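Novice: pasted the sequence and its predicted model underneath.
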Amino acid sequence: RFLFTWLTGSVAALLLVSFLFIPAAGLYRSFFLVSVLSALTGILILFRDSRLKRGFRVLCFAGTVGAMIWAANIFDREDIVTRHPDPASAGGNVAMMREGSSSLAVLMEKDNGEQDLLLNGVAVAGTDEKQLQFQYLQTLLPFLFSKQTASVCLMGFGTGIQAAVIEKWGSERITVAEPSPELIRLSSEAFSLLNDDVLTKKNLDITTESGRSLLNRYHEAFDIIICRYSHPKRQPGLYTSDFYKLCKDRLDESGMLCQSLPLYGLTAQEFGSLVRSCTEVFAHVSLWWPGNEHVLLLASAQMPSYGFCALDERFFRLTAGYRNFAGSMNSLESLLGHLIAYDDQLKTITGETRPHTDDLTALTRTGVDISGENDSRVMQVLSSATGQGSYIRFEGNCRSDTSAIRERISRIHDNLIRKNPAQ
């Protein structure tokens, strides 16, 4: 009977803590509550044991009460939550938080009203102008060039804005992979106006797992795969040639992958290796630079051929209603001006580097600060790669003559490089 009681109590406690206490009260309060229950159980056992001296039992009781009071001060919820995020990444006040057994999601609000979304102290999304433009551009690129957009896989939920844009653009099946349920809960509440309550849409399916895990178990083909930005030194498995092979296997024949790549915390050789990991797998890869601390890799097995006029019409249709997100890239010419290199031109960036694989990493894992400004050597590599020429066919005169279009694109590209010189 004792063994049965002990096993039943252990299983019940495990279920209560995992599925009731932590989701309802959070990790810290649940831990404190379990500690209090354990202490009370110990006190009960001491007082029921008549073999112990009365003075000893009173002393133990006083000591336990004192320890509980001390623990209550240590586990002050607000104090812990305020200190937990990296203050260097936010510089604001805690506006909302959701915690659980897997992660701590915190919404930091700055004095100017902008918000940063932090996961375990690391900024993963935000509502400032640059971040909104980048999220929008990462969604726009594959939709602009892909022939089919019915089924989309989005790795990382973030603020939910990208999923909302995809839904607005008419995709029939949207699959989101986000390993943090706490982030999903917080974003669905904090950004409901920005993401249009996208989690309530019938054509969206969200799963709490990593993107790579989703692709491993998912066998239906996607038209588009979008991998939200993370740093390769935090999640190296999302930047290997093996990962890109998996993406290629899960894409339709004309499907496209859009992957973000940071410019900071990487040497020029590491950056080249990460680009080569993608070019080793996909026949067509282009590199786009919005001018901030990230670039975008757009990869496909078959690059569709578009005429400028048809693409311009498609661009206008997709960006209608999102001009405030487009920023400086509010026309097709300005967008094409941010093309850094494509296909064979990427050899300027990759050089003789070897690809980054699951078995053989090309990254320095220790002693590297992955925060801060863009690495000057990486910037120099980008500056040396010119996106002159294009895989866009320039025929017809839907807006002006071909030479004028080319000249505008070249001028925008040159201005981009001059604004972000290698330091």
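Specialist: Cool, the structure landed.
Novice: what does the pLDDT read for R323?
Specialist: On pLDDT, R323 comes in at 63.
Novice: meant to ask about F157, not that
Specialist: 94.
Novice: and the nearest residue to S187 once chain neighbours are set aside, how many neighbours?
Specialist: Spatial nearest neighbour of S187, excluding adjacent residues (Cβ to Cβ, 6 or more residues apart in numbering): G160 at 5.0 Å. From N, CA and C alone the C-beta is placed, and that goes for glycine too. Residues lying near G160 (other Cβ atoms under 10 Å) number 28.
Novice: doesn't F191 make contact with G160?
Specialist: Yes - using Cβ atoms under 8 Å, G160 is in contact with F191, at 5.5 Å.
Novice: show the backbone phi and psi for the residue nearest to S187.
Specialist: Main-chain dihedrals, G160, degrees, to the nearest 10: phi 90, psi 0.
Novice: so who does it touch?
Specialist: S187, S188, F191, L194, N195, V198, L199 (Cβ atoms under 8 Å, 6 or more residues apart in numbering).
Novice: please apply the same query to L298.
Specialist: Counted by Cβ under 8 Å, 6+ apart, L298 has contacts L141, P142, F145, M256, L257, C258, V285, S286, L287, W288.
Novice: then I174?
Specialist: S151, V152, L154, A163, I166, E167, K201, N203, L204, D205.
Novice: gap between A341 and G158?
Specialist: Remark: distance between A341 and G158 (Cβ to Cβ, to the nearest Å) = 27 Å.
Novice: for the helix or strand T5 falls within, the averaged confidence score.
Specialist: Assigned by DSSP states H and E, T5 belongs to helix 2-16. For helix 2-16, the mean per-residue pLDDT is 73.
Novice: now stretch 172-182
Specialist: pLDDT averaged over stretch 172-182 gives 93.
Novice: thinking again about what came up before, which of the contacts of L298 fall within strands?
Specialist: M256, L257, C258, V285, S286, L287, W288 (DSSP state E).
Novice: hang on, isn't S180 packed against I206?
Specialist: No - with contact defined as Cβ under 8 Å, S180 does not count as touching I206 (11.3 Å).
Novice: these two: which is more packed in?
Specialist: Neighbour count, other Cβ under 10 Å: between S180 and I206, S180 has more, with 21 against 18.
Novice: L119 versus that one, what's the distance?
Specialist: In terms of Cβ to Cβ, S180 sits 6 Å off from L119.
Novice: same check, this time on K147
Specialist: K147 is 34 Å from L119, by Cβ to Cβ.
Novice: which one's more surrounded, these two?
Specialist: L119 (23 against 14).
Novice: lowest-pLDDT helix or strand in the chain?
Specialist: helix 77-83 (a mean of 43; mean pLDDT, DSSP states H and E).
Novice: okay, the angle between the helix or strand where S277 lies and strand 284-288?
Specialist: Using DSSP H and E, S277 falls within helix 268-279. Relative orientation of helix 268-279 and strand 284-288, computed by axes from the mean of the first three to the mean of the last three Cα atoms, to 10 degrees: 140 degrees.
Novice: now the helices for the stretch 51-200 of the chain?
Specialist: Remark: helices assigned in the stretch 51-200 of the chain by DSSP state H, counting those that start in this stretch are 54-74, 77-83, 129-145, 161-168, 181-190.
Novice: by mean pLDDT, show me the worst of the ones you listed.
Specialist: Averaging pLDDT over each of the helices of the stretch 51-200 of the chain puts helix 77-83 lowest, since it has a mean of 43.
Novice: list the residues that contact R228.
Specialist: Counting by Cβ under 8 Å, 6+ apart, the residues that R228 touches are V124, A125, Q138, L154, M155, G156, G158, Q162, S260.
Novice: closest to Y322 among these?
Specialist: Relative to Y322, the closest of the contacts of R228 is Q162; by Cβ to Cβ it sits at 11.6 Å.
Novice: from R354, how far off is the closest one?
Specialist: 32 Å.
Novice: returning to that earlier point: hmm, who's touching the helix holding S277?
Specialist: By Cβ under 8 Å, 6+ apart, the surrounding residues in contact with helix 268-279 are 232, 239-241, 244, 259, 261, 263, 266, 285, 287, 297, 299, 346, 349-351, 353-357, 362-364, 375, 377-378, 380-381.
Novice: what about S331, how many neighbours?
Specialist: With other Cβ under 10 Å as criterion, S331 counts 17.
Novice: which parts of the chain are strands?
Specialist: Using DSSP E, strands in the chain cover 93-99, 104-109, 115-119, 122-126, 151-155, 173-177, 204-207, 222-227, 251-262, 284-288, 294-300, 339-342.
Novice: what would those look like in TSV with distance to T8?
Specialist: Below are the strands of the chain laid out as TSV (distance: least, Cβ to Cβ, whole Å):
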stretch	distance to T8
strand 93-99	29
strand 104-109	32
strand 115-119	36
strand 122-126	40
strand 151-155	41
strand 173-177	37
strand 204-207	33
strand 222-227	45
strand 251-262	49
strand 284-288	58
strand 294-300	52
strand 339-342	63
